[in-house]
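Student: pasted the sequence and its predicted model underneath.
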Amino acid sequence: MIIRKLFLLSLIPGLFTLAKGQSDPVNHWESVVYASDTWHYFVGITSGPVAGWQNPGFNDGAWMQGPGGIGYEDGDDATLIVVPPVPTSLFTRIVFTISDTSQIATALLNMDYDDGFVAWINGVEVARANLGIAGDYPAYNTLASDHEAVMKTGGNPQSFLIPKQKLSQCLVNGDNVLAIQVNNMSLTSSDMSCIAFLSVGLKNAGVIYRPVPAWFTVPYTGFSGSYLPLIIIETSGSIQGDTKILADLGIIDNGPGMLNKLTDDRNNYNGKAGIEYRGSSSSMFPKRGYSFELWKSENIDTAFALLGMPEESDWVLHGPYSDKTLMRNFMAYKLFHSMGYYAPRTEFCEMFLNGQYQGVYVLVEKIKRDKNRVDISKLEPIDVVGDQLTGGYIVKIDRSATDYSDGWFSPYIGTGTGNQGPFYAYHYPKRTEIVQIQKDYIRNKITAFEWALSSTNYKDPVSGYRPFIDVPSFINYFILVELSKNTDGFRLSTYLHKDRDSKDPRIHMGPVWDYDLAFGNADYLDAFNTSGWNYTVPADGWGTPFWWSRFMNDPYFVNTLNCYWHSLRQDILSDESLMALVDSTADALGDAVDRNFDQWPIHGSYVWPNVFVGNSYNEDVNFMKNWILDRAAWMDANVPGVFCTTGPGEHEGSLTLSLRAYPNPAVGEISIEVQNSENEEIKMEVINFTGQLVYTRNIGNEPLFIDRIVLQPGVYLVKVSGEKRSQTTRIVIQ
């Protein structure tokens with residue numbers, strides 16, 4: 001995964017503040033255009049003005065005049081446009097005077113509009129939203145995207161920063177022209193607004209124009225750009241924790257290795273979204289997390305491929321705060337994906353919300369049923385009989401989001417102090433959409449698995465628990481939770497899913513979710529200790545499901561676990577690979593780290609539930625690296641079961657064979673490569689963990705042979721034997 005993006009959550013002046021530690025060349029701000037000034041305007045009903053109307057030399061003497069705002073039916077108009085007929089567009093011009101352009105460091109256009117607009121200074125485009133693409137001249141009847149004016153309801157107008165380099169192309173000493181075109185979203189639109197303010201940031205305290213409006217807040221001007229992508233979100237109201245509000249969202253991503261600036265085009269996404277707060281314990285932090293859904297218009301969702309990830313409508317913006325490395329969630333998802341399982345895709349970004357810098361965020365796929373996410377069958381309310389009833393389902397072990405009507409408690413007591421089983425919440429179908437017979441089905445399915453696991457003959461391969469679950473997914477999930485010692489990993493934010501029986505009747509673990517308190521970042525429930533098993537730690541409430549203790553007393557499970565662990569330790573989970581993942585992630589974050597901690601200066605301070613309080617980013621990263629190495633070493637010595645030899649096997653005589661399997665673990669096809677430098681007759685065998693021969697092939701005496709095969713999920717021993725008694729083996733995981 002390439003970490004290459006930066007989000008910019010946009011610019012509303014009332015909330016636009018300068019991040020700590022950023023330099024600002026502006027001494028003070030003055031306004032040069034008020035909305036209430038007298039504007040010349042032309043109403044586009046059957047045509048627009050002639051070409052060049054944006055330029056200084058255009059004669060607008062025949063146009064109508066009046067104070068702004070100009071529009072109709074919003075209650076915010078000083079000059080009313082008479083309707084009907086309904087105009088599709090409005091064209092406005094105003095002259096303003098600049099005494100000395102060398103004293104201007106930057107400028108800010110504050111614009112309240114309905115529905116889309118483009119603004120020019122002396123014919124040079126300086127701002128645009130919801131109307132066409134940068135550089136074009138929209139026709140009078142071009143329809144804009146929907147956008148409501150906000151000042152009428154007490155909001156602040158949207159801010160568009162105009163940098164010095166743009167001003168140098170258009171601003172002159174003496175008279176200048178600000179020209180603005182506003183277009184409606186439809187031919188029958190009920191309202192229109194054009195309310196504009198232009199202010200300049202001045203270098204010298206002695207330069208005076210007019211006072212800025214009372215709502216004006218100094219914009220963020222210290223950001224020169226980032227090699228991560230930027231997101232821009234503007235809201236007209238306060239974000240809530242349980243209801244999505246309408247927002248404008250833009251994403252700037254100029255590609256790998258390219259700088260992203262606030263003034264660049266919103267070239268990855270530019271449209272509507274519904275946004276709300278998310279998070280439980282993280283809601284106490286000033287750096288909040290968000291969920292958002294892409295909208296065509298309010299409450300009408302749409303899918304889009306954000307930052308190169310598969311298109312979908314639902315996304316999460318995770319704001320690492322107590323995780324001062326900024327990377328724990330990213331690492332966990334990356335590792336689980338590398339182990340052969342779906343984990344939410346992620347992209348790092350820097351984020352501005354309503355103009356205020358928020359620091360480094362992670363754009364994350366929200367867990368949901370989708371061919372590119374949790375790939376299970378779609379389940380409709382009408383699917384209540386036969387094979388259709390059997391899937392797909394996603395269930396989450398977590399707290400209830402309601403009064404416990406959104407799931408059920410397991411009848412089997414967990415390891416916690418609450419003397420009850422864990423709570424299973426319906427995730428897909430949603431609790432508001434799943435019908436009773438579907439609730440009963442998935443509850444009975446999981447309870448049947450738990451009953452089999454609790455029975456005296458639970459180790460039996462036929463009558464025990466194994467037919468109910470995909471064992472490799474449980475093992476790999478266990479490995480990641482234990483390696484990271486994620487204190488929530490078994491008892492909260494724990495997902496299971498099941499497909500339709502005709503596709504796969506078994507229960508699968510995953511995806512993984514919520515690892516910001518993992519890898520040594522929690523000072524409770526023994527999560528800080530690099531020794532000891534996480535699944536045995538009692539917790540308040542129901543604690544960890546009883547499954548894991550039962551699994552760890554089953555020789556089949558622990559022997560398979562042992563093979564998986566030691567195979568992964570030679571590849572994805574080797575010390576070298578783990579340290580390379582940390583280092584490469586830190587390198588990709590680059591100087592965005594400095595900006596994040598300028599905004600949130602928490603180094604040297606305890607943030608719940610930190611184990612280690614470092615005085616710098618490097619100290620926090622190094623602590624995590626050492627913690628991971630110590631934890632992996634403890635697991636090397638304590639993972640139970642029979643060890644499977646994964647390197648070269650026994651060799652008699654002077655000849656050896658070279659054997660390589662890739663990718664390993666594999667999803668789908670796996671390639672077996674044999675190098676036979678002595679050209680002896682050789683045979684390849686693939687044996688499953690129960691000792692059954694599942695595949696064999698006589699390779700002959702070819703010096704290089706590659707075989708591509710697909711196996712059922714599980715652990716296998718590949719053995720290559722030569723006629724001269726040379727032999728080599730390797731463990732592969734499908």
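Tutor: On my side now, so go ahead.
Student: I'd say D74 and C194 touch.
Tutor: No. Using CB atoms under 8 Å, D74 is not in contact with C194; the gap is 10.1 Å. In short, each C-beta sits where N, CA and C put it, glycine included.
Student: got phi/psi on F336?
Tutor: With angles defined as degrees, to the nearest 10, F336 sits at phi -60, psi -40.
Student: do you know how far the closest residue to it other than its chain neighbours is from A586?
Tutor: Spatially, and ignoring its direct neighbours in sequence, F336 is nearest to A343 (4.0 Å; CB to CB, 6 or more residues apart in numbering). Note on A343: its distance to A586, by CB to CB, to the nearest Å, is 20 Å.
Student: looking at these two, which is more packed in?
Tutor: More crowded of A343 and A586, by other CB atoms under 10 Å: A343, with 23 against 17.
Student: picking that back up, more neighbours: D74 and C194, which one.
Tutor: C194 (27 against 19).
Student: how about the more buried one: what's its closest non-neighbour residue?
Tutor: V182 is the one closest to C194 (CB to CB, 6+ apart), at 4.5 Å.
Student: so which strand or helix has that neighbour?
Tutor: Using DSSP states H and E, V182 falls within strand 174-183.
Student: same deal with V95?
Tutor: Going by DSSP H and E, V95 is part of strand 89-98.
Student: okay, the angle between that strand and strand 174-183?
Tutor: 160 degrees (axes from the mean of the first three to the mean of the last three CA atoms, to 10 degrees).
Student: sheet partners, orientation included, of strand 89-98?
Tutor: Counting by DSSP bridges, the strands paired with strand 89-98 are strand 38-44 (antiparallel), strand 174-183 (antiparallel).
Student: could you give the mean pLDDT of the shortest one?
Tutor: Averaged across strand 38-44, pLDDT comes to 97.
Student: what sits up against stretch 136-144?
Tutor: Applying CB atoms under 8 Å, 6 or more residues apart in numbering, the contact partners of stretch 136-144 are 44, 47-48, 51, 88-89, 91, 115-118, 130-132, 181-187.
Student: now do the SS call for E450.
Tutor: helix (DSSP: H, G, I helix; E, B strand; the rest coil).
Student: count of residues packed around it?
Tutor: 19.
Student: tell me who's in contact with it.
Tutor: S410, P411, Y412, P545, F546, W547.
Student: again, but for F474
Tutor: Neighbouring residues of F474 by CB under 8 Å, 6+ apart: M509, W547, F551.
Student: between those residues, which is nearest Q388?
Tutor: Taking CB to CB as the measure, M509 is the one of the contacts of F474 closest to Q388, at 24.0 Å.
Student: so what's that closest one closest to, chain neighbours aside?
Tutor: Nearest residue to M509 in three dimensions, chain neighbours excluded: Y477, at 3.9 Å (CB to CB, 6+ apart).
Student: what strand or helix carries the one you found?
Tutor: Using DSSP H and E, the element containing Y477 is helix 471-484.
Student: and the angle for the following helix or strand past that helix with helix 471-484?
Tutor: Counting by DSSP H and E, the next helix or strand C-terminal to helix 471-484 is strand 494-498. Here strand 494-498 points in a direction 170 degrees away from that of helix 471-484 (the same axes, to 10 degrees).
Student: so for strand 494-498, what's the average pLDDT?
Tutor: Rounded mean pLDDT across strand 494-498 is 98.
Student: quickly run through the sheet partners of that strand, with directions.
Tutor: With DSSP bridges as the test, strand 494-498 pairs up with strand 393-397 (antiparallel), strand 507-509 (antiparallel).
Student: dump those to CSV, plus mean neighbour count.
Tutor: Supplementary listing: those in CSV, determined by neighbours: other CB atoms under 10 Å:
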stretch, mean neighbour count
strand 393-397, 24
strand 507-509, 23
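Student: same list (these) but as a markdown table, adding mean pLDDT.
Tutor: Shown next, in a markdown table, are those (pLDDT from 0 to 100):
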| stretch | mean pLDDT |
| --- | --- |
| strand 393-397 | 98 |
| strand 507-509 | 97 |
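Student: out of those, flag the one nearest K164.
Tutor: strand 393-397 (50.5 Å).
Student: how many residues are close by A580?
Tutor: Residues contacting A580 under the criterion other CB under 10 Å number 11.
Student: and it, which of the three is it?
Tutor: The three-state assignment at A580 reads helix, by three-state DSSP.
Student: could you report the pLDDT at it?
Tutor: A580 carries a pLDDT value of 95.
Student: over to the one 10 residues further on?
Tutor: The model reports G590 with a pLDDT of 95.
Student: for it, give its distance to S145.
Tutor: Separation of G590 from S145 (CB to CB): 34 Å.
Student: looking at these two, which one has more neighbours?
Tutor: Between G590 and S145, counted using other CB under 10 Å, S145 has the larger neighbour count: 17 against 14.
Student: OK, contacts around that one?
Tutor: D115, G116, N130, L131, M185, G271, K272.
Student: filter those residues down to just the ones in strands.
Tutor: The strands, defined by DSSP state E, take in G116, G271, K272 from the contacts of S145.
Student: quick one: neighbours of R595, just the number.
Tutor: 22.
Student: which residue, neighbours along the chain excluded, lies closest to M151?
Tutor: Nearest one to M151, counting by CB to CB, 6+ apart, is D112 at 4.7 Å.
Student: any idea of the angle the host helix or strand of that neighbour forms with strand 174-183?
Tutor: In this assignment (DSSP H and E), D112 forms part of strand 104-114. Here the directions of strand 104-114 and strand 174-183 differ by 30 degrees (the same axes, to 10 degrees).
Student: how far does stretch 456-473 stretch from start to finish?
Tutor: Distance across stretch 456-473, first residue to last, is 24 Å (CA to CA, to the nearest Å).
Student: next, the buried residues of that stretch.
Tutor: Y458, K459, G464, Y465, R466, F468, I469, D470, V471, P472, S473 (16 or more other CB atoms under 10 Å).
Student: other residues contacting that stretch?
Tutor: Here stretch 456-473 makes contact (CB under 8 Å, 6+ apart) with 341, 445, 448-449, 452-453, 455, 504, 506-510, 550, 554-557, 560, 564, 713-715, 733.
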